[in-house]
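# I would like to see how this sequence folds:
(chains A, B, C and D)
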Protein chains: 2
Amino acid sequence: MKADALRGHLDPMILAVVEHEPLHGYAIMEALLERSGGELDLPTGTLYPALRRLERAGYLASEWSTVSGRKRRTYQLTSAGQKMLATGKEEWVTFRAVVEGVLRPGQA
Amino acid sequence: MKADALRGHLDPMILAVVEHEPLHGYAIMEALLERSGGELDLPTGTLYPALRRLERAGYLASEWSTVSGRKRRTYQLTSAGQKMLATGKEEWVTFRAVVEGVLRPGQA
DNA sequence: GTCGATATGTAGGTTGGCTACATGTCGTCT
DNA sequence: AGACGACATGTAGCCAACCTACATATCGAC
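Numbers count the residues shown, from 1 in each chain, chains lettered A, B, ... in the order given. Here you go, the predicted model:
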């Protein structure tokens, strides 16, 4: 998968994995990897700046903790984040329709 | 639809509309608009540089003509472009699976 | 003779995902 | 003891591509 393909689609994906349970960065990485069937292996230079961006925008809130000697920053969805996620899901459906209308991926 | 969403997906879409008939830039714009149900209205500052990029990369070949006093540059798919288009379609299917695996767009 | 559709193009800004680097803990194996 | 891999977080700087805004020109209709 090309790198640029993610542009503009990563944010809702991150919000989606913390929708039902707060997770820390590393766990978010693992969740994305698992939910994508091993395809989405984000470098830390992508994930951590994205998390800070989403927090600065008010879609996530974070809290530090220490688990067995390791520091964790756990993120949870805010209510603004919940709205953003809903919007993102709708936009994805539109986007998919646009691409498939043009691409007709089933056709040779 | 957010601007960045297109990133990395536009190239195969352009190749797709000239797959079966060569078209000039303006006609490509209209074809994209029509196939996307009016959603994909590309600014010229996006389309024309993209066409030149695709030609420079060897996926399109162009030819000038004049139709009722107006100059047109008509693009057609090369064999490399055909391969690229096929690859692009496959990558789209993968990408869609990744996003939907993470997003679960049907769920509230 | 003005305006909208047709037609093509460039310059420059922005942005977000990437590479590469930096730091530190913990458990396991040898 | 110490080396190594998994766990855990982060920054600096690069770059591609999509965008806004601008520039140019023809044609038909009003």
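
# Tell me who's in contact with the residue nearest the centre of chain A.
The centre of chain A sits closest to A:Ile14, judged by CA atoms, centre = their mean, with a distance of 1.6 Å. Counting by CB atoms under 8 Å, 6 or more residues apart in numbering or on different chains, A:Ile14 makes contact with A:Ile28, A:Leu32, A:Leu47, A:Ala50, A:Leu51, A:Leu54. Glycine gets a C-beta too; all of them are placed from N, C-alpha and C.

# For the third one, the count of nearby residues, please.
Number of residues near A:Leu47 (other CB atoms under 10 Å in any protein chain shown) recorded here: 17.

# contacting residues around it?
Shown in contact with A:Leu47 (CB under 8 Å, 6+ apart): A:Ile14, A:Gly25, A:Ile28, A:Met29.

# can you check the first one too?
Contacts here follow CB under 8 Å, 6+ apart; on that basis A:Ile28 touches A:Ile14, A:Val17, A:Val18, A:Leu47, A:Leu51, A:Tyr75.

# And A:Met13, by the same measure?
A:Leu32, A:Leu40, B:Val99, B:Val102, B:Leu103.

# ok, and of the residues you listed, which contact DNA strand D?
Under the cut-off given by CB under 7 Å from any atom of the strand, DNA strand D has nothing from the contacts of A:Met13 close to it.

# So which of these belong to helices?
Using DSSP state H, A:Leu32, B:Val99, B:Val102, B:Leu103 are the members of those that sit in helices.

# what sits against the third one?
Contact criterion CB under 8 Å, 6+ apart gives A:Met13, A:Ala16, A:Val17, A:Leu32, A:Arg35, A:Ser36, A:Leu40 as the residues in contact with B:Val102.

# most neighbours, which of the residues you listed?
Of the contacts of B:Val102, with other CB under 10 Å as the count, A:Met13 tops at 25 neighbours.

# before we move on, the earlier item: mind telling me what element the residue nearest to the centre of chain A is part of?
Assigned by DSSP states H and E, A:Ile14 belongs to helix A:10-17.

# Does at least one residue of that helix sit close to DNA strand C?
Yes. Applying CB under 7 Å from any atom of the strand, one finds helix A:10-17 touching DNA strand C at A:Leu10, A:Asp11.

# likewise stretch A:44-59?
Yes. Looking at stretch A:44-59 against DNA strand C by CB under 7 Å from any atom of the strand, the contacts come from A:Thr44, A:Gly45, A:Thr46, A:Pro49, A:Ala50, A:Arg53.

# Does the last one belong to a helix, a strand or coil?
Under the three-state scheme (DSSP: H, G, I helix; E, B strand; the rest coil), A:Arg53 adopts helix.

# Relative to chain B, how far out is A:Ser62?
20 Å (CB to the nearest CB, to the nearest Å).

# For that residue, list the residues it contacts.
A:Leu51, A:Glu55, A:Arg73, A:Thr74, A:Tyr75, A:Gln76.
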